[in-house]
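Undergrad: please work out how this folds:
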Amino acid sequence: MKKSRFSDDQIVGILKQADAGVPVSALCREYGISSATFYKWRDKYRGVGASLMGQMKQGAKQAAELCNSLSNANRLLILCTLIEKKGMSSGDLSREIELSPSATSQHLAKMRDAKLVACTRNKQSVIYSIQNTKIEKIIMALKDVFCP
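TA: A predicted model of the protein is given here:
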């Protein structure tokens, strides 16, 4: 995809100038854009301020990172199990989902780094649980769709 030479803030600024009464032809000349580009921008950014666009991009980035972290069937199975059992040790999880202890530990480490799960020490055991309610809601939605 071609990268625009204008940032979202600049585009919104140009559109605001047009809203303030500056003729489109003058703006196109000043910024070196075609009228077709101007009207595409107007359609794309209609009603969207620069700050909202920035928030949407940040949210999309976070969602993509979360999807990447969840893109493994074993990790999804671990998270589903943690929701059902409300905190388990790595060994218990390994036995429950029938996955080798080393593989289970590696998946838990990745999910800990992605802040999907939290761990607490209980004497010599490390107990894993879902870190936040957003993750739990997402997993429950996936479970409702794919595991009726």
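Undergrad: pick out the residue nearest the middle of this protein.
TA: Ranked by distance to the mean C-alpha position of the chain (Cα atoms, centre = their mean), the top residue is Ala63 at 1.0 Å.
Undergrad: which phi and psi does that residue have?
TA: Dihedral pair for Ala63: phi -60, psi -40, per degrees, to the nearest 10.
Undergrad: also Val126?
TA: The phi and psi torsions at Val126 (degrees, to the nearest 10) take the values phi -110, psi 120.
Undergrad: could you list every residue that touches Lys86?
TA: For Lys86, the residues meeting the contact criterion (Cβ atoms under 8 Å, 6 or more residues apart in numbering) are Ser129. (Each C-beta comes from the backbone N, C-alpha and C, glycine too.)
Undergrad: and the helix or strand Met56 falls within, how far from the chain's centre?
TA: Per DSSP states H and E: Met56 is located in helix 50-69. Between the mean C-alpha point of helix 50-69 and the mean C-alpha point of its chain there is a distance of 5 Å (Cα atoms, centre = their mean, to the nearest Å).
Undergrad: alpha carbons only: can I get it in PDB?
TA: The C-alpha coordinates for helix 50-69 follow below in PDB (Å, rounded to 0.1, in the frame of the first residue of the first chain):
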ATOM      1  CA  ALA A  50      -7.300  13.500  14.100                       C
ATOM      2  CA  SER A  51      -7.300  12.400  17.800                       C
ATOM      3  CA  LEU A  52     -10.100   9.800  17.100                       C
ATOM      4  CA  MET A  53      -8.100   8.500  14.100                       C
ATOM      5  CA  GLY A  54      -5.000   8.200  16.300                       C
ATOM      6  CA  GLN A  55      -7.100   6.300  18.900                       C
ATOM      7  CA  MET A  56      -8.500   4.000  16.200                       C
ATOM      8  CA  LYS A  57      -5.000   3.200  14.900                       C
ATOM      9  CA  GLN A  58      -3.700   2.500  18.400                       C
ATOM     10  CA  GLY A  59      -6.700   0.300  19.100                       C
ATOM     11  CA  ALA A  60      -6.200  -1.600  15.900                       C
ATOM     12  CA  LYS A  61      -2.500  -2.100  16.700                       C
ATOM     13  CA  GLN A  62      -3.300  -3.500  20.100                       C
ATOM     14  CA  ALA A  63      -6.000  -5.800  18.700                       C
ATOM     15  CA  ALA A  64      -3.500  -7.100  16.100                       C
ATOM     16  CA  GLU A  65      -0.900  -7.800  18.800                       C
ATOM     17  CA  LEU A  66      -3.600  -9.600  20.900                       C
ATOM     18  CA  CYS A  67      -4.700 -11.700  17.900                       C
ATOM     19  CA  ASN A  68      -1.000 -12.600  17.300                       C
ATOM     20  CA  SER A  69      -0.700 -13.700  20.900                       C
END
